[in-house]
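Colleague: here is a sequence together with a model predicted from it:
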Amino acid sequence: MINKIATSVADALADVKDGATVMIGGFGTAGIPNELIDGLIAQGATDLTVVNNNAGNGDAGLAALLKAGRVRKIICSFPRQADSQVFDALYRSGQLELELVPQGNLAERIRAAGAGIGAFFTPTGYGTELARDKETREINGKHYVLEHPIYGDVALIKAECGDRWGNLTYRMAARNFGPVMAMACKKTVATVHEISELGELNPEHIVTPGIFVHQIVKIERQATQAGGFKKAA
């Protein structure tokens, strides 16, 4: 019987190895799988390459992983913002390597890995430092840069609902990079707030099929200060 429901975050992340490339879903603070990031910190894997749209906010989540000294390199499109002090300090001191990738290129490089595309040409970045040492080509009078896929060992993503086969639905902006990251990695772990019985999820609503998901972990919604429930993206 296929059952991809993990008993705990620790069990789901137990086999993450040192030196792994870890893709972490999220766009700003939307869709960040904080429980999985905290679990990765507790698990102890180090020398990681992290792929995310950003480079952490404040001192929690991805920023906490950076602060713990577990990350060797980060691949992202938007590393600096008002509260990216952890990234700034590590990068300026030479303790963290950065590969800056335009946002559309980042999404497409991840998607290409899952789709089996060997490389692709894009106009984004041509004539800039981002195209240095990369192959370029003129096609129909327009200049393009050759970009290669980004493959991952583990994807950590946040979903809304799943079933024991690993089929996932998302909530609004929390979807962001989750679906393409799940396709691009050898292993995908997702948190969900609800677990449905097989057949309950409308097939038209399933965004990430279970074939791309290895384990899901149910987490509770966090209560807000007002006493309600935070249904955050």
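Modeller: Received the coordinates, thanks. Numbering: from 1, shown residues only.
Colleague: going forward, measure contacts and count neighbours with C-alpha atoms only.
Modeller: Fine.
Colleague: what is the mean pLDDT for stretch 86-98?
Modeller: Within the predicted structure, the mean pLDDT of stretch 86-98 is 94.
Colleague: and the contacts of it?
Modeller: Outside of stretch 86-98, the residues within contact range by Cα atoms under 8 Å, 6 or more residues apart in numbering are 55-56, 58-59, 63, 66-67, 71-76, 79-80.
Colleague: how long is it from one end to the other?
Modeller: The first and final residues of stretch 86-98 sit 13 Å from each other (Cα to Cα, to the nearest Å).
Colleague: what comes up buried for that stretch?
Modeller: Within stretch 86-98, the residues that qualify as buried by neighbour count (16 or more other Cα atoms under 10 Å) are 86-87, 96, 98.
Colleague: which residues touch residue 165?
Modeller: Here residue 165 is in contact with 2-4, 198, 210 (Cα under 8 Å, 6+ apart).
Colleague: off-centre distance for stretch 34-43?
Modeller: A distance of 13 Å separates the C-alpha centroid of stretch 34-43 from that of its chain, computed with Cα atoms, centre = their mean, to the nearest Å.
Colleague: repeat for stretch 94-104
Modeller: A distance of 14 Å separates the C-alpha centroid of stretch 94-104 from that of its chain, computed with Cα atoms, centre = their mean.
Colleague: end-to-end on it?
Modeller: One end of stretch 94-104 to the other measures 27 Å (Cα to Cα).
Colleague: same thing with stretch 158-178?
Modeller: Looking at stretch 158-178, the gap from its leading to its trailing residue is 7 Å under the measure Cα to Cα.
Colleague: can you flag which of the contacts of residue 165 belong to strands?
Modeller: Secondary-structure check on the contacts of residue 165 using DSSP state E: no residue lies within strands.
Colleague: weed out the non-buried ones from those.
Modeller: Taking 16+ other Cα under 10 Å as the criterion, what is buried in the contacts of residue 165 is 4, 210.
Colleague: go through the contacts of residue 165 and name the one nearest residue 34.
Modeller: The shortest gap between residue 34 and any of the contacts of residue 165 belongs to residue 4, at 20.0 Å (Cα to Cα).
Colleague: nearest residue to the closest one in space, please, no chain neighbours.
Modeller: For residue 4, ignoring the flanking residues on the chain, the nearest one in space by Cα to Cα, 6 or more residues apart in numbering is residue 215 at 4.6 Å.
Colleague: that neighbour contacts residue 163, correct?
Modeller: No. Counting by Cα atoms under 8 Å, residue 215 does not reach residue 163; the two are 10.2 Å apart.
Colleague: so what sits against both of those two?
Modeller: For the pair residue 215 and residue 163, residues contacting each of them under the criterion Cα under 8 Å, 6+ apart are residue 5.
Colleague: what residues sit buried inside the top helix by length along the chain?
Modeller: Of all segments of type helix in the chain, defined using DSSP state H, the longest is helix 103-115. Using 16+ other Cα under 10 Å as the burial criterion, the residues of helix 103-115 that qualify are 105-114.
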